[in-house]
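> Provide a 3D model corresponding to the input given below.
(2 chains)
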Amino acid sequence: MESSRRISIIGWAVALTAFVLLWKFGEPVAKWAFDYPKAWIIPAARWISNALKWLLNDATFGLFTFTQLTRFIAAVVDVPYRAALSLLSTGLLSGQGSSAIQLLPPLSWISVIAIVGMIGHYAGGWRLALFAAGCFLFLAIFGQWNSAMVTLASILVAAPIGVIGGLLLGLAAYRWAQFEKALMPLLDLMQTIPVFAYLVPILFLFGFGPTAAIVATVIYAMPPMTRITILALRGVPSEVQELGHMIGCTRRQMTWRVMVPSARDSLMVGVNQVIMLSLNMVIIASMIGAGGLGFDVLAALRRLDIGAGLLAGLAIVALAVALDRLSQAMALKMGDFHADTGNKSFIARYPYLFVALLVIVATAVLGLAIPAIQTYPQTMTIASGTAIGRAVEWINVNYFDTLEAIKNTMLLNVLVPFKRFLGGLPWLGVTGLLAYAGWRLGGLRLALLVAVLAFLIAATGQWEKAMITVYLCGVSVVIAALIGIPIGIVSAERKQLWRVVQAIIDTLQTLPSFVYLMPAVMLFRVGDFTAMLAVVAYAIAPAIRYTALGLQKVEPRLIEAGRAMGCTKWQLLTKIKLKLALPDIMLGINQTIMFALSMLVITALVGTRDLGQEVYIALTKADTGRGLVAGLAVAFIAIIADRLIAAGAARTKIRLGLQ
Amino acid sequence: MAVQEEKLICRNVWKIFGSGAREFLVASGGSPELDALGKSGLVGAVRGVNLGVRAGEIFVIMGLSGSGKSTLVRCLSRLIEPTSGEIIFNGENLLAASDARMIEIRRHQMGMVFQNFALLPHLTVLANVAFPLEVQGVDRAAREARAQKMIELVGLAGRERFFPRELSGGQQQRVGIARSLAVEPELWFLDEPFSALDPLIRREMQDEFIRLQSVLKKTIVFITHDFDEAIRLADRIAIMKDGAIVQAGTPEELVMQPADAYVAAFTRNVAKAKVLRAASVMKSTSTAAGPTVSHRTTIADAATQFAPGFDVLAVEDETGKTIGALHRADVVDVLMRG
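Sure thing, here's the model as predicted:
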């Protein structure tokens, strides 16, 4: 033990010395180790663009072309979307465009709120009913109703597709080990490539419009459902599976009558995830044609109308929070009903459905006479957008100097030096050092994976931008950890406080990432500092959560033992609890990094110069290859960080005997 | 005692876990030693097991955890594919049966009760019990009527609409038992059915099980790690250790003639009077005066039957024919030995 530790220290010392020597004295000798030579760059962007061109123009399955297939998919997805949109927003139309005649009105605002309230009441009683209905009432009062219904329509289509698709993929992966092996890296990529990167190919393949946006949303929201499905099926007790065999289930019966229902509780967690991720995509999806709230936010940001943007953003939050609470309550409710199938009347059997139908018909009929019942009257909306705009203006006028000072201090003392430091590192050295870390933590395979990924970033000519991404991400993660871990420590042992903190971070995690950007932009305008603030705000939740949960998980007997030995509180914390919670805290940091990277890409909108910006520029220029290559680089950074930290956490766990 | 036909026969069954298990088994001449298996990184969960289960008997497989008893019972029902051997059920080798045939056999001729109940959480008690029939495609009215009957049989009438989590452990296992009986199986596997229950409930469930079997007369393979439970329930017991059967026989044989120190360690503290049955203590005769007891009555139970003034009990077989006389002195002798 002691000798292996010494070898490990010596190994690290040698590796670091070699790295520093290369960094300090290598530049004149080996220029290529610092700036990856242009001539060696792999033209991956061109390959990808050409491949997409081939897919678009030449790929064919014989009877039909690839483009025809994707357009067909778009047309199929369009059907339920049109239906949902007619129901919630446009009403049943006959004819095209502006000459269309409304045959049937959409659901009245009152009936939508009533339905939401009833779902809330069914799933979680009066409190939830009032809460959900209140969220929707907010949409009406603040004049966001129409946009919100358009957004809701696309969620109502995207979420079921994501759930069913994820479930089927998960089932297939569960049944065929080979399929799972092939699927896992793909899921990793889907979850780590920034969405911006695949918007362009989707645009080309599915056309501009809400259906393309739904496709993008599904790609983004499906992977967690797949993962949760696999885990949930693995979690079904083996006895239940054996029962299925013993009573002679066929394969299909086994899947749909035994496994899926038994895993239902865990699967509902996945459903909730899909809904939340779909909402998170609302704003990004509006870049390729989804209307609704996302489009409002984007349009407001573009014309720097902070008030309007914030209002539409808040509307997304209201929608997100309402749907989150409703789907969570439904998940709990699912395992909790008494199936009483007596010979009762329709009303007694389906009271909710009956009342809902009653409200819909009544408000529709009354709405013909009194328009205010059908559509929330414009005169009753509160246009608080301008008020918010003025408040921000007031802060900026009165506190301009203070805000500037904060920003400049941070920039000059932390951000810029760190950026310079990272920018000056040789790619060869960094790749080598990462590979060494991979080898120490996880063996040869990990070393190889890490080295290849890092090399590919350099070889596609993105090292410089990647370092800016790493710098912004690194600074944000360090700050998030410095704030988040102490909060986690403090709240871990105080039940009351933890409940409050938990409610706050739960809410933070339901907010779409764009929402974080707005207040930061309002106060600090564009730039790295603004980006960093948004990233920290978005990524702090996992740092707090994992720290607190890790500490709460520490065996009480060990703490008692420490107390019996006469440890002070501080010793108890540093020598026992934090040590044992270390693997969990590491995983929390890992999650923080993943959150930070996904947010970083979005901060491209406020003028960073990193890979995210590269992806964003590619999006505006509709350059598939450039966008995907930069997107893959972001994914590679995420995968490198994830694998190294996960390996480290696993090693720590084994060392502490927690596994 | 008439020898009944053997319903389930298990011939030289091996189950070895690990890669290349089959090849290894063939290469080592079909019966590798425990050490040899361990050295090759394989685990011999079931090693060369031979046994026969007779129609209508309770055959208990008893062993400590890791002895391979759970693997063995799963081999018998082919939930786990044995590495080699034969399993003959009603004269048919199960290991040669097609998937479709296995489904057929399991649907109509086998039932199984699980240690942790394996109830489906989303179904009511009624739907859980009716589930095996639902899988077979029996129509709703018929399967619910049958399930209702089974629920009454296990004493859960009135709880049909409850969900599993609303029941106590004992009640949940009653549901498991009712469900396994719903298809009227010929062969009934019970895999440590009472191990997850509190000792008091366990006792109650054992009594319930004895009552059920006296009505149903199923052929039963019962797995347990509890030797007292085995003694109480079994017609015959097989004791397993390291995947092999150490000794198989009636409780009396095990208690009176343990094959080795391992079996003796289990039987040492068992009260003989609770194991020995009238048939093995009586003196054979075709006429005896006095109160009658069944030849299967334990000595402990028979002792309470000596009415004042009688020194002899008449022992009858199933047909009611007197086959022997049980003398007070012999009974006292057994009781005194502990």
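
> List the residues that contact the residue of the stretch 51-200 of chain B found nearest chain A.
Closest approach between the stretch 51-200 of chain B and chain A, counting by CB to the nearest CB: residue B:107, at 3.4 Å. All C-beta atoms are positioned from the backbone trio N, CA, C, and that covers glycine. The neighbourhood of residue B:107, defined by CB atoms under 8 Å, 6 or more residues apart in numbering or on different chains, consists of A:247-248, B:132, B:135-136, B:183.

> Of these, which belong to helices?
Secondary structure from DSSP state H places B:132, B:135-136 of the contacts of residue B:107 in helices.

> Take those and write them to JSON lines, including neighbour count.
Supplementary listing: the ones in helices among the contacts of residue B:107 in JSON lines, determined by neighbours: other CB atoms under 10 Å in any protein chain shown:
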{"residue": "B:132", "neighbour count": "28"}
{"residue": "B:135", "neighbour count": "22"}
{"residue": "B:136", "neighbour count": "18"}
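
> What is the burial count for the closest residue to residue A:133 other than its chain neighbours?
Computed as CB to CB, 6 or more residues apart in numbering or on different chains, the closest residue to residue A:133 that is not its neighbour in sequence is residue A:117, at 3.7 Å. Close neighbours of residue A:117, defined as other CB atoms under 10 Å in any protein chain shown, add up to 22.

> Residue A:126 is in contact with residue A:117, correct?
No - proximity of residue A:117 to residue A:126 does not meet the contact threshold set by CB atoms under 8 Å, at 9.4 Å.

> Now do the contacts for residue A:152.
For residue A:152, the contacting residues are A:84, A:88, A:292, A:319, by CB under 8 Å, 6+ apart.

> do you know how far the third one is from residue B:229?
Counting by CB to CB, to the nearest Å, the gap from residue A:292 to residue B:229 is 65 Å.

> out of these two, which sits in the busier spot?
Just comparing residue A:292 and residue B:229: by other CB under 10 Å the higher neighbour count belongs to residue A:292, 30 against 22.

> Strands along chain A, start to end?
Under the criterion DSSP state E, chain A contains strands at A:92-94, A:101-104.

> could you say what helices and strands the shortest one packs with?
Which is strand A:92-94. Contacts of strand A:92-94 with other secondary structure elements, assessed using 3 or more CB pairs under 8 Å, 6 or more residues apart in numbering or on different chains; DSSP states H and E, are made with strand A:101-104.

> Using CSV, write out the CA atom coordinates for the strand it packs on.
Coordinates of each C-alpha in strand A:101-104 appear next as CSV, following Å, rounded to 0.1, in the frame of the first residue of the first chain:
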residue,chain,number,x,y,z
ILE,A,101,-62.5,29.8,-41.9
GLN,A,102,-62.8,28.7,-38.3
LEU,A,103,-65.2,25.8,-38.2
LEU,A,104,-64.9,25.1,-34.4
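
> thinking again about what came up before, CSV please, covering the strands of chain A and showing mean pLDDT.
Written out in CSV, the entries for the strands of chain A read as follows (pLDDT from 0 to 100):
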stretch, mean pLDDT
strand A:92-94, 75
strand A:101-104, 74
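
> Could you export the ones you listed as CSV, including distance to residue A:381 and mean neighbour count?
Below are the strands of chain A laid out as CSV (distance: least, CB to CB, whole Å; neighbours: other CB atoms under 10 Å in any protein chain shown):
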stretch, distance to residue A:381, mean neighbour count
strand A:92-94, 25, 14
strand A:101-104, 22, 11
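
> Could you point out which of these sits nearest residue A:614?
Closest to residue A:614 of these, according to CB to CB: strand A:92-94, at 41.8 Å.

> Okay, domains of the chain per the record?
Defaulting to chain A. Listed by automatic domain parsing, the domain ranges of chain A are A:66-90+A:106-390, A:400-426+A:463-655.

> that's the other chain; I wanted chain B
By the assignment in automatic domain parsing, chain B contains the domains B:52-270, B:274-337.

> Find the closest residue to chain B in the stretch 101-250 of chain A.
With distances taken as CB to the nearest CB, the stretch 101-250 of chain A approaches chain B most closely at residue A:248, which sits 3.4 Å away.

> what about that residue, how many neighbours?
Applying other CB under 10 Å, we find 22 other residues in the vicinity of residue A:248.

> What sits closest to it if chain neighbours are left out?
Take residue A:248 and drop its neighbours on the chain: the residue closest to it by CB to CB, 6+ apart is residue B:107, 3.4 Å away.

> Spell out which parts of chain B neighbour chain A.
Taking CB under 8 Å from any CB of the partner chain as the criterion, chain B approaches chain A at residues B:74, B:77, B:79, B:102-108, B:110-112, B:114-118, B:120-124, B:127, B:131-132, B:134-136, B:161, B:163, B:165, B:183, B:189.

> in chain B, which spans are strands?
Counting by DSSP E, one finds strands in chain B at the ranges B:6-17, B:43-54, B:58-63, B:84-89, B:92-93, B:110-113, B:187-191, B:219-224, B:236-241, B:244-249, B:283-284, B:292-294, B:312-316, B:322-327.

> what angle separates the fourth one from strand B:6-17?
Per axes from the mean of the first three to the mean of the last three CA atoms, to 10 degrees, the angle that strand B:84-89 makes with strand B:6-17 is 150 degrees.

> And strand B:84-89, what's buried?
Neighbour-count burial for strand B:84-89, with 16 or more other CB atoms under 10 Å in any protein chain shown as criterion, is recorded at B:84-85, B:87-89.

> okay, and for the chain, where does confidence drop off?
Went with chain A since none was named. Counting by pLDDT under 70, the ranges of chain A that qualify are A:1-2, A:95-99, A:334-349, A:383-385, A:658-659.

> Wait, chain B was what I had in mind.
In chain B the weaker segments, taking pLDDT under 70 as the threshold, are B:1-4, B:338.

> Grab the longest helix from it for me.
Taking DSSP H as the criterion, chain B has its longest helix at helix B:199-216.

> List the buried residues in it.
Neighbour-count burial for helix B:199-216 flags B:201-202, B:205-206, B:208-209, B:212-213 (criterion: 16+ other CB under 10 Å).

> State the number of residues packed around residue B:270.
The burial count for residue B:270: 17, using other CB under 10 Å.

> could you pull out the helices for the stretch 101-250 of chain A?
Shown for the stretch 101-250 of chain A, the helices assigned by DSSP state H, counting those that start in this stretch span residues A:109-141, A:145-175, A:177-192, A:195-206, A:210-234, A:238-246.

> can you pull the contacts of residue A:327?
The neighbours of residue A:327, taking CB under 8 Å, 6+ apart as the test, are A:268, A:271-272, A:275.

> Looking at the domains of chain A, which is nearest to residue B:29?
The closest of the domains of chain A to residue B:29 is domain A:66-90+A:106-390. By CB to CB, the value is 32.5 Å.

> gap between stretch A:525-541 and the chain center?
What separates the centre of stretch A:525-541 from the centre of its chain is 16 Å, taken as CA atoms, centre = their mean, to the nearest Å.

> what comes up buried for it?
Of the residues in stretch A:525-541, those with enough neighbours to count as buried (16+ other CB under 10 Å) are A:525, A:527-541.
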